[in-house]
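[1] Sequence and predicted model, in that order:
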Amino acid sequence: MKKIKYAVLLLLAMIVLPFSVFAEGEEEEKVIATNGEADKVNVYLFRGEGCPHCQEAEEWFDSIKGEYGEYFQIVDYETWNDEDNAELMQQVAEARGEEASGVPYIIIGNKSWNGFAESYESEIIDQIKAEFAKNPDDRYDIMTLLPNSKKKAKKDDTATFIIIFLIIAGIGFGVYKARKAAN
């Protein structure tokens, strides 16, 4: 009877464990998730909380949503308080052959802007419209050029799962042997 009790506990641990291990990998996927609406152009906005230029850029994008909102969606990454987003910004800049020297760092298609100024506004709108005019499958999206962290997360999660499984199996076997020796 005790053997069945321990076998059931071990089985339950093996069923619950993968969900807790793979949840961490899903969190990493959120960092690079891009499309909310496939027909809209992604405007990647790397910003800092409290940055006045970033706030100016955000307010400007909000102000043009009435006229151009059907063309674009903001994919927002706060970099000052989020190390993963700051690292992502550096990866994006490196993939583009640029240096992200500050925020806001705005990327639309194959163009980018470091900082924000009124003089950028018409250029940004033109780039949004030019990207929107393309077939969604033909649009340049910098995120597709980054190393695929989703595959890496799955490999890391699988290794973690195997290690944890072996630890639980070892503990279960040890408990079984100890109980058998006690009887």
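    Perfect, thanks for sending it. Residues are numbered from 1 along each chain as shown.
[2] Walk me through the domains of this protein.
    Using automatic domain parsing, the domain ranges for the chain come out as 2-30+150-182, 36-140.
[3] where along this protein do the helices fall?
    Assigned helices in the chain, in chain order: 2-32, 52-68, 83-96, 121-133, 149-182 (criterion: DSSP state H).
[4] where does the protein have low pLDDT?
    For the chain, the stretches with pLDDT under 70 are 1-37, 148-157, 159.
[5] ok, now with 80
    Scanning the chain with the threshold set as pLDDT under 80 gives 1-38, 145, 147-163, 165-166, 169-170, 172-175, 178-183.
[6] and the domains of the chain as JSON lines, adding mean neighbour count?
    (Each C-beta comes from the backbone N, C-alpha and C, glycine too.) Shown next, in JSON lines, are the domains of the chain (neighbours: other C-beta atoms under 10 Å):
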{"stretch": "domain 2-30+150-182", "mean neighbour count": "12"}
{"stretch": "domain 36-140", "mean neighbour count": "16"}
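[7] Can you tell me how far Thr144 is from Asp138?
    Using C-beta to C-beta, to the nearest Å, we find Thr144 at a distance of 12 Å from Asp138.
[8] ok, now Thr158?
    To Asp138, Thr158 is 34 Å away according to C-beta to C-beta.
[9] Which strand residues bridge the nearest residue to Cys54 once chain neighbours are set aside?
    Excluding the flanking residues, the one nearest Cys54 by C-beta to C-beta, 6 or more residues apart in numbering is Arg47, at 3.7 Å. Beta bridges link Arg47 to Glu78, judged by DSSP bridges.
[10] Who are the contact partners of Arg47?
    By C-beta atoms under 8 Å, 6 or more residues apart in numbering, the residues touching Arg47 are Cys54, Ala57, Glu58, Asp76, Tyr77, Glu78, Thr79, Val103, Pro104, Tyr105.
[11] and the gap between the closest residue to the second one other than its chain neighbours and Ala95?
    The shortest distance from Ala57 to any residue that is not its chain neighbour, by C-beta to C-beta, 6+ apart, is 4.0 Å, and that residue is Phe116. Phe116 is 22 Å from Ala95, where distance means C-beta to C-beta.
[12] cool, Trp80 as well?
    Here the criterion is C-beta to C-beta. By it, Trp80 lies 21 Å from Ala95.
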